[in-house]
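Enquirer: Got a sequence here, can you build the structure:
(chains A and B, ligands or ions: 2)
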Amino acid sequence: MLKESLRMSWQNIRANKMRSFLTILGIVIGVTAIIALITTVEGATQEMTRQFSELGAGKVSVSVSGTALKRGLTEADLERLSELDNVESLDPTVSFTRHVSNGQRLTENVTIEGRNAVYFQRSDGLLSAGRGLTPMDMDRNSHVCVIDATLRSALYPGEDPIGQTLIVGGQRFTIVGLLSDGSEDVMSVMFSSGDEGKVILPFLTAQRMVHSNSVTSLGIYIHDTTRTDETIDDIEGVLNAAFNYKDDAYRVINLESLLDAMDTMLGMMTTMLAGIASIALLVGGIGIMNMMLVSVSERTMEIGLRKALGARPKAIQVQFLLEAVMLSLLGGVIGILLGNMLSLVFALWLEIDFTLSAGAILLAFLFSATVGVIFGWAPARKASQLNPIDALRSM
Amino acid sequence: MDEKTLGEKILIMDDITKVYDMGGEKQTVLKGIHLEVSKGEFVAVLGPSGSGKSTLMNIIGCLDTPTSGSYVLHGRDVGGLDEDALAGVRSKEIGFIFQSFQLLPRLDALSNVELPLIYSGVPAHERSALAEKMLVRVGLKEKLHHYPNQLSGGQQQRVAIARALCNNPAILLADEPTGALDQQTGKQVMSLFHDLNEEGHTILMITHDQGIARHARRIVRLLDGILSEGGVEDA
Ligand SMILES: Nc1ncnc2c1ncn2[C@@H]1O[C@H](COP(=O)(O)OP(=O)(O)OP(=O)(O)O)[C@@H](O)[C@H]1O
Ligand SMILES: [Mg+2]
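Expert: Ligands and ions are numbered 1, 2, ... in the order given. Alright, predicted model coming up:
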């Protein structure tokens, strides 16, 4: 019986191809939009989370700002911070710009960063060649440096830069490592000043170049990321004492909370856009209802005949309801295909991973089935209640 | 003939009335109908247009309910049955044959004949064999997969007759079965009715045409909502 109803519904949809297509267009558009949205946002979120956790998990960044810049953080402050519970190590950074040369060619506005060895220990995949700076480099104040790909192509095109000499601020450094492309952590991308390239020097060496012994930018690595919030409270305690509780003396940025905030924002955006897309679904549902009502009045004689031949009202209702659900699901399936194709295009374009979102597909499927049931209900009921005599007379 | 009239009663109508209420103005279309039809009979209800023939047929076919009176079909009082039960009765006991055939244009002959079998719950694998048997019976062996628009009027009516037969109903109900056919084709349909009646099918046929009514074995006249037994003058 159900199989017969399915077959008859399908026959009817096929018999009115153009009309069926136009009817489901609203559903197709709505589902396409929802699928493309959810899949793309999910992909983008995954990508961001991956980058963040690869490059900045368990790291809290402190930057001193405003008038407090002059004082900065002293040795004693750093000492106190490193003694805090759950703090693993400190990664102070100095950052400024200088011109650098290889003896023949000169590049202006290169970002010079002073960093500790811990930066290299904590970040995987940072280097594409050579080695990072080691604790021994720090202790000995060795004149070694790591450069990035931009600077390499400016000063050593087509050559192996490892072992070459680089002149920074009148001092000679031996290049020991090459940063890989796009390996920088999110924070340093956000705060870096120039795009003319970058050189990383041992921290103390760099600090001496700017004749300062205070620190204005600091990464703090922590052991247990589940206790990040407590540790941040402790850090702020030390910093408040150091800066005399002055407002705006420093900023503490925690990558996890940044990620959370971004997640929330994306979630809100998705909800909003999905809301808009569901208006398309609603319109599609009304389209289906309209088509079904037309279909019921066109097939009045058929309904009357079926009743005369022994069809119970339920059987008529099921048949028309199935037709509405089938139309709606057909729209849903086309929408799912189109939506995923669209998000594949987006993924290629935004260079993020494309993954089929089972959740989104299920959601779209359920949604379109529901739309079919809701908007098919009234026409199906109307059909089932037609009086067979009136229906047969309408011939 | 005689032994047939003594047989089992297929329908017993007692004092059936039908009143249409048209915005306060009541119109009594059937005025106390008494009618009994036994198994194996071939009855024609003859009456002029507007006499209430279709109204009577709708009540007999359980498509409509009388305003008053009792109606027992194949031993079952159908007064007070709900819609689902009436659908069941139509499915099992009644085979409808309409003036305008009422075939579904998107289905071929075989599928049209299968329709009542779907609603009476015959399993799919038995349906097409049964439907084919019925089509062969009405002489359409070669036309199983023709669509209604590929068939002549007489052939279409024979498909409709096959459809009416396939649930082996207690009674075949035909409303002006030749109304849409030319005389020659009408005669062929009547001779088919004859054969079916010979095989034991009970037939009740409604017509305004004396010439057609003559094909039946018994004629009742409906005039202005009143039914009376009576032959055709020269029957
Ligand atoms: N649903 C209805 N509401 C009101 N009046 C009706 C209804 N159906 C039938 N009638 C009236 O009942 C009377 C008998 O109608 P019916 O259709 O039974 O006639 P008939 O004998 O079949 O005529 P014909 O030979 O033209 O088909 C007519 O006067 C008609 O107007
Ligand atoms: Mg009539």
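Enquirer: so how far is ligand 1 from A:Ile334?
Expert: Per CB to the nearest ligand atom, to the nearest Å, A:Ile334 is found 45 Å from ligand 1. No exception for glycine: its C-beta is placed from N, CA and C like everyone else's.
Enquirer: same check, this time on A:Tyr250
Expert: Distance from A:Tyr250 to ligand 1, counting by CB to the nearest ligand atom: 88 Å.
Enquirer: what sits opposite that residue in the beta ladder?
Expert: Here A:Tyr250 sits in beta bridges with A:Val64, as judged by DSSP bridges.
Enquirer: For it, which residues are in contact?
Expert: Listed by CB atoms under 8 Å, 6 or more residues apart in numbering or on different chains, the contact set of A:Tyr250 reads A:Val62, A:Ser63, A:Val64, A:Ser65, A:Ala68, A:Leu239, A:Phe243.
Enquirer: Please identify which pair of these lies farthest apart.
Expert: Maximum pairwise distance among the contacts of A:Tyr250 (CB to CB): 12.5 Å, between A:Ser63 and A:Phe243.
Enquirer: what about the two, which has more around it?
Expert: Counted by other CB atoms under 10 Å in any protein chain shown, A:Ser63 and A:Phe243 do not tie: A:Phe243 has more neighbours, with 20 against 16.
Enquirer: got a pLDDT number for the closest residue to that one other than its chain neighbours?
Expert: In space, and not counting its chain neighbours, A:Phe243 is closest to A:Ala249: 3.7 Å by CB to CB, 6 or more residues apart in numbering or on different chains. pLDDT, the model's per-residue confidence, is 81 for A:Ala249.
Enquirer: Could you report the neighbour count for A:Ala249?
Expert: Using other CB under 10 Å, A:Ala249 has 18 other residues around it.
Enquirer: Likewise for A:Ser214?
Expert: Neighbours of A:Ser214 under the rule other CB under 10 Å: 18.
Enquirer: Burial check on the nearest residue to it once chain neighbours are set aside, number of neighbours?
Expert: In space, A:Ser214 comes closest to A:Gly72 once its chain neighbours are excluded; the distance is 2.7 Å by CB to CB, 6+ apart. Neighbourhood size, A:Gly72 [other CB under 10 Å]: 20.
Enquirer: Which pLDDT value goes with A:Gly72?
Expert: With respect to pLDDT, A:Gly72 scores 80.
Enquirer: for A:Leu178, same thing?
Expert: 90.
Enquirer: ditto for the one 4 residues further on
Expert: Per-residue pLDDT puts A:Gly182 at 61.
Enquirer: A:Arg393: what's it in contact with?
Expert: A:Arg393 sits next to A:Gly304 when contact means CB under 8 Å, 6+ apart.
Enquirer: And it, how far from ligand 1?
Expert: Distance from A:Arg393 to ligand 1, counting by CB to the nearest ligand atom: 8 Å.
Enquirer: do the same with A:Ile288
Expert: 32 Å.
Enquirer: Kindly report the same for A:Ser343.
Expert: Relative to ligand 1, and taking CB to the nearest ligand atom, A:Ser343 is found at 58 Å.
Enquirer: And the helix or strand where that residue lies, what does it pack against?
Expert: For A:Ser343, the host element (DSSP states H and E) is helix A:313-350. On a contact count with 3 or more CB pairs under 8 Å, 6 or more residues apart in numbering or on different chains; DSSP states H and E, helix A:313-350 meets helix A:2-15, helix A:17-56, helix A:255-298, helix A:300-308, helix A:358-384, helix B:83-93.
Enquirer: With adjacent residues omitted, what lies nearest to the residue nearest the centre of chain B?
Expert: Nearest to the mean C-alpha position of chain B, by CA atoms, centre = their mean, lies B:Leu173 at 0.8 Å. The shortest distance from B:Leu173 to any non-neighbouring residue, by CB to CB, 6+ apart, is to B:Gly61 (5.1 Å).
Enquirer: again with A:Asp77
Expert: Nearest non-adjacent residue to A:Asp77, counting by CB to CB, 6+ apart: A:Ala242, 4.8 Å away.
Enquirer: Do you know the pLDDT at the residue nearest to B:Leu173?
Expert: B:Gly61 is given a pLDDT of 95.
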